[in-house]
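[1] show me how the following folds:
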Amino acid sequence: MLSNAVHSFRYAFSRDLLPLYGAVVVGQWIMDISDIATAILPFLPRFVERLLSWPIFLLGLALVVGGLVGILHRVVTDAR
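    Next up is the predicted model:
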């Protein structure tokens, strides 16, 4: 039983999956700061701030989704 847990942790933290985990974490961080990034220019109208923050948010979303799909693909491929 303990060997199964050790094997699972070794697989979960293998060198192949760590960059994908990093992409998810960085993407979430970028999504969180997308609203803060436009606070630098407080004199802009609200819709302009939204237009500037959406590309940043979408970049973060792409990293999160890409990382999650990559992790899922890797796990399903290795399960075969």
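[2] hang on, Ile56 packs against Gly27?
    No: with contact defined as Cβ atoms under 8 Å, Ile56 does not count as touching Gly27 (11.0 Å). The C-beta positions use only the backbone N, C-alpha and C, and glycine is treated the same way.
[3] looking at the two, which is more packed in?
    Neighbours were counted for Ile56 and for Gly27 using other Cβ atoms under 10 Å; Gly27 has more, 20 against 17.
[4] average pLDDT across whichever helix or strand the more buried one is part of?
    When elements are defined using DSSP states H and E, Gly27 is found to belong to helix 18-37. On average, the pLDDT along helix 18-37 is 91.
[5] which residues touch the residue nearest the centre of the chain?
    Among the residues of the chain, the one closest to the centroid is Val24, at 2.0 Å (Cα atoms, centre = their mean). Shown in contact with Val24 (Cβ atoms under 8 Å, 6 or more residues apart in numbering): 63-64, 67-68, 71.
[6] hmm, try it at 6 Å
    64, 67 (Cβ atoms under 6 Å, 6 or more residues apart in numbering).
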